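A.B. asks: here is the input, now give the coordinates:
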Amino acid sequence: MPNLSVVIPSWDGLNLLKVCLSSLTKQTYKDFEIIVVDNGSLDGTGDFLNQKYPTVKVIQLDRNYGYAKAANLGIKSSSGAYILLLNNDTKVDKNCLSYLVKAAGGHQECGMVAAKMLSLTNPKIIDGAGGYIDAVGHANTIGWGKLDGVEFNQAKKVFLVSGGGGLFKRKLFDEVGLFDEDFFAYFEDVDLCFRAQLRGFTAWYEPKAIIYHIHKATSGRNRGFTEYLQFRNMTQMIIKNFPKELLMEDYNWLKIILVNVNTIRYLFTKGFFTEAIKAEFYILMHLSLLLKKRRYIQATLRVSTQYIIDNIIPKKVTLFGLLQKGF
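C.D. replies: Residues are numbered from 1 along each chain as shown. Reported below is the predicted structural model:
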């Protein structure tokens, strides 16, 4: 059985997928399988894969079930001890898989490894070098939009690993669980990484493993739906994962409420008021389920809450900042 499984959820992204798969055929690391989960594409993805990549395992779905479910199906179908989750809008450097597997094997305490992600259209620009969460629940990619340089060439611990270009150990999924399919898409990787950190898994950033990425190549198709999911899922992630002590620290609970209310105002100014209200209504209608999930997650915590507090970036909330930035 292969040591590494590459899982690629895809939805109507044939032209992007062609570039991604071509780069995977050039890898110096050879002990891996490729699994494409086709979320009901109508652009001929299935036929293309059958004709051009007969060795690729294809999971054909009848419609778009979202990233979380597609990734889970790919993971369940995989065989490797390591699983690389990859967006279809990526191009993988020929040595990337080798460096990811080496980093994972060299750090037994970590459960996930982030690659250095560069812009595919401008490889001098960072698309992501791991990620972090701030005290009001915003998930941010380290270095996004900055010029690549020495500061991004240092391997180190991070808090988040992107589901669009990150390696995960199978034992992490065995102990923590898979992606929460109620998220559909967006923040499902943040939620998974947070749950993993609560269970004692750490994350590592490996700058030698390089993936080129087209930022928001898929999400740009329906911005309203994207805004809805991001706002809704950030709130789901907070309710499930933030320990009580983190909520009480520095009045974070109050900051979260202020940011939530102001996000509605901000989305209204951008023409997405309906999406904001839908997100709030969803949380209200599913609050009982979210609290049930929270009770389980908090009951199975294996690290100190101080460790989590120390790894969450403080957030200063001011009226001026809210009005200017919308969050």
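A.B. asks: which helices and strands does whichever strand or helix holds residue 102 pack with?
C.D. replies: Assigned by DSSP states H and E, residue 102 belongs to helix 96-106. Here helix 96-106 touches strand 4-10, strand 82-86, strand 110-119, strand 165-169, strand 202-213, going by 3 or more Cβ pairs under 8 Å, 6 or more residues apart in numbering; DSSP states H and E. Every C-beta, even on glycine, is put in place using the N, C-alpha and C of the backbone.
A.B. asks: output that helix as PDB, nothing but the C-alphas.
C.D. replies: The C-alpha coordinates for helix 96-106 follow below in PDB (Å, rounded to 0.1, in the frame of the first residue of the first chain):
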ATOM      1  CA  CYS A  96       7.100  18.900  -2.300                       C
ATOM      2  CA  LEU A  97       5.800  15.500  -1.400                       C
ATOM      3  CA  SER A  98       9.300  14.300  -0.400                       C
ATOM      4  CA  TYR A  99       9.800  17.200   2.000                       C
ATOM      5  CA  LEU A 100       6.300  16.900   3.500                       C
ATOM      6  CA  VAL A 101       6.700  13.200   4.200                       C
ATOM      7  CA  LYS A 102      10.200  13.800   5.600                       C
ATOM      8  CA  ALA A 103       9.000  16.600   7.900                       C
ATOM      9  CA  ALA A 104       6.100  14.500   9.100                       C
ATOM     10  CA  GLY A 105       8.300  11.600   9.900                       C
ATOM     11  CA  GLY A 106      10.900  13.800  11.600                       C
END
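A.B. asks: could I get the helices and strands packed on helix 96-106 as TSV with mean pLDDT, mean neighbour count and distance to residue 225?
C.D. replies: Output for those, formatted as TSV (pLDDT from 0 to 100; neighbours: other Cβ atoms under 10 Å; distance: least, Cβ to Cβ, whole Å):
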stretch	mean pLDDT	mean neighbour count	distance to residue 225
strand 4-10	97	26	16
strand 82-86	98	26	21
strand 110-119	98	26	24
strand 165-169	97	26	23
strand 202-213	98	22	21
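A.B. asks: let me have the ones you listed in CSV, adding distance to residue 97 as columns.
C.D. replies: What follows is the helices and strands packed on helix 96-106, written out as CSV (distance: least, Cβ to Cβ, whole Å):
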stretch, distance to residue 97
strand 4-10, 6
strand 82-86, 7
strand 110-119, 10
strand 165-169, 8
strand 202-213, 8
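A.B. asks: quick one: the helix holding residue 102 to strand 110-119, angle?
C.D. replies: Taking axes from the mean of the first three to the mean of the last three Cα atoms, to 10 degrees, one finds that helix 96-106 is oriented at 150 degrees with respect to strand 110-119.
A.B. asks: please compute how far helix 96-106 lies from its chain's middle.
C.D. replies: Taking the mean C-alpha point of helix 96-106 and that of its whole chain, the gap between them comes to 19 Å (Cα atoms, centre = their mean, to the nearest Å).
A.B. asks: so what touches it?
C.D. replies: By Cβ atoms under 8 Å, 6 or more residues apart in numbering, the residues outside helix 96-106 that reach it are 3-4, 6, 27-29, 32, 82, 84, 110, 113, 115, 155, 167, 169, 204, 206, 208-211.
A.B. asks: buried residues, stretch 263-278. List them.
C.D. replies: Of the residues in stretch 263-278, those with enough neighbours to count as buried (16 or more other Cβ atoms under 10 Å) are 263-264, 266-267, 272, 275-276, 278.
A.B. asks: of all the helices and strands packed on helix 96-106, which one is nearest residue 93?
C.D. replies: In terms of Cβ to Cβ, the element of the helices and strands packed on helix 96-106 nearest to residue 93 is strand 202-213, at 4.0 Å.
A.B. asks: tell me where the model's unsure across this protein.
C.D. replies: Counting by pLDDT under 70, the low-confidence segments of the chain come to 216-221, 319-327.
A.B. asks: helices of that one, start to end?
C.D. replies: Counting by DSSP state H, the segments of the chain that form helices are 14-24, 45-52, 67-77, 96-106, 170-176, 188-198, 223-241, 244-248, 252-269, 273-285, 287-299, 305-310, 319-325.
A.B. asks: of those, which is nearest residue 120?
C.D. replies: Across these, the minimum distance to residue 120, taken as Cβ to Cβ, is reached by helix 14-24, at 8.2 Å.
A.B. asks: quick check, residue 293 in contact with residue 237.
C.D. replies: No. Between residue 293 and residue 237 no contact is recorded; they are 10.6 Å apart, counting by Cβ atoms under 8 Å.
A.B. asks: comparing the two, which residue is more hemmed in?
C.D. replies: Counting neighbours by other Cβ atoms under 10 Å for residue 293 and for residue 237 shows that residue 237 has the greater number, 25 against 18.
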